[in-house]
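Engineer: Structure of the sequence below:
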Amino acid sequence: MRRMNHLEEMQMKKILVIEDEESIRGFIRVNFQAHHFTVLEAVSGEAGLEKANEEQPEVVLLDVMLPGIDGFQVCEQLRKQFPGIGIIMLTAKGQDVDRIKGLKFGADDYIVKPFNPLELVLRVKALMRRMKKTEEAEAKDTISRGPFFIDLNAKKCFKNDVELALTPKEFQLLKLFMENPGKAFSRNDLLDLVWGLNFVGDTKIVDVNIRRLRTKIEDTPSNSVYIETIWGTGYCWKKE
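Structural biologist: Have a look, this model is predicted:
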């Protein structure tokens with residue numbers, strides 16, 4: 001059998017199995033290791049939450065019936081602590097109420113015992129693909145630079161998780177700068193891109209809005225850290 005190189009080992013996905021029956025854990029372990037997953041195990045809800053905090057797995061396979069806190073409570077806590085984690089509940093045959101309750105508490109999917117090992121692996125891989133698409137979609141709707149974060153859908157900007165009170169033009173300026181770090185924009189460039197090609201007025205409106213924007217995003221507006229003045233040209237966002 002071909003040995004995996006270091007890069008391949010680093011790319012192995014972590015899956016956490018929270019299940020008190022050793023035979024089921026062993027069954028899951030063997031099948032997922034055969035598909036190049038790193039398999040973590042816990043025998044109780046409390047141990048599972050602790051392991052999740054330590055190891056940050058991509059997906060959790062979670063049994064409903066556990067000693068101590070049950071799978072529903074574990075699911076609820078996992079979803080609160082790790083909103084992006086994948087959770088698949090392992091439920092008993094015929095227990096429709098368990099499946100409905102699991103989804104209500106934040107599970108992404110469920111599978112009924114006894115299950116086909118290949119089906120379980122395919123369910124996990126399908127869930128990971130959906131998670132990746134969601135992450136990629138969210139990344140397209142946000143911009144992050146240093147302490148700043150822009151939510152393009154909500155048209156809100158945050159610095160160190162505190163929302164900034166920006167006017168529409170200030171928001172557009174900040175968005176443009178953060179999308180193009182290190183790029184110098186002339187005042188005419190900014191007028192065309194933010195105010196529009198048909199704007200008729202003094203270019204000084206750009207300077208006024210930059211000055212106002214600096215008072216809202218800079219710790220010391222007179223000593224700008226983020227928006228740099230390019231003398232004779234205009235402005236740019238300093239590269240980190």
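Engineer: Need the CA coordinates for the biggest helix by length in the chain. PDB is fine.
Structural biologist: Secondary structure of the chain per DSSP state H: the longest helix is helix 117-140. C-alpha atoms of helix 117-140 as PDB (Å, rounded to 0.1, in the frame of the first residue of the first chain):
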ATOM      1  CA  PRO A 117     -20.700   1.600   6.300                       C
ATOM      2  CA  LEU A 118     -20.300   2.900   2.800                       C
ATOM      3  CA  GLU A 119     -23.500   4.800   3.000                       C
ATOM      4  CA  LEU A 120     -22.200   6.500   6.200                       C
ATOM      5  CA  VAL A 121     -18.900   7.500   4.500                       C
ATOM      6  CA  LEU A 122     -20.800   8.900   1.500                       C
ATOM      7  CA  ARG A 123     -23.200  10.800   3.800                       C
ATOM      8  CA  VAL A 124     -20.200  12.400   5.600                       C
ATOM      9  CA  LYS A 125     -18.500  13.300   2.300                       C
ATOM     10  CA  ALA A 126     -21.700  14.800   0.900                       C
ATOM     11  CA  LEU A 127     -22.100  16.900   4.000                       C
ATOM     12  CA  MET A 128     -18.500  18.100   3.800                       C
ATOM     13  CA  ARG A 129     -19.100  19.100   0.200                       C
ATOM     14  CA  ARG A 130     -22.200  21.100   1.200                       C
ATOM     15  CA  MET A 131     -20.200  22.700   4.000                       C
ATOM     16  CA  LYS A 132     -17.400  23.700   1.600                       C
ATOM     17  CA  LYS A 133     -19.900  25.300  -0.800                       C
ATOM     18  CA  THR A 134     -21.500  27.200   2.100                       C
ATOM     19  CA  GLU A 135     -18.100  28.500   3.200                       C
ATOM     20  CA  GLU A 136     -17.200  29.600  -0.300                       C
ATOM     21  CA  ALA A 137     -20.500  31.300  -0.800                       C
ATOM     22  CA  GLU A 138     -20.100  33.200   2.600                       C
ATOM     23  CA  ALA A 139     -16.500  34.100   1.600                       C
ATOM     24  CA  LYS A 140     -17.900  35.800  -1.600                       C
END
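Engineer: Neighbouring strands - and their directions - for the helix or strand containing Tyr235?
Structural biologist: Applying DSSP states H and E as the criterion places Tyr235 in strand 234-237. If you go by DSSP bridges, strand 234-237 pairs up with strand 185-186 (antiparallel), strand 227-230 (antiparallel).
Engineer: Point out the most buried one among these.
Structural biologist: strand 185-186 (a mean of 18; mean count of other Cβ atoms under 10 Å). Quick note: C-beta positions are derived from backbone N, CA and C, even for glycine.
Engineer: Could you look up the next helix or strand downstream of that strand?
Structural biologist: By DSSP H and E, the next helix or strand past strand 185-186 is helix 187-190.
Engineer: what's that following helix packed up against?
Structural biologist: helix 204-217, strand 234-237 (3 or more Cβ pairs under 8 Å, 6 or more residues apart in numbering; DSSP states H and E).
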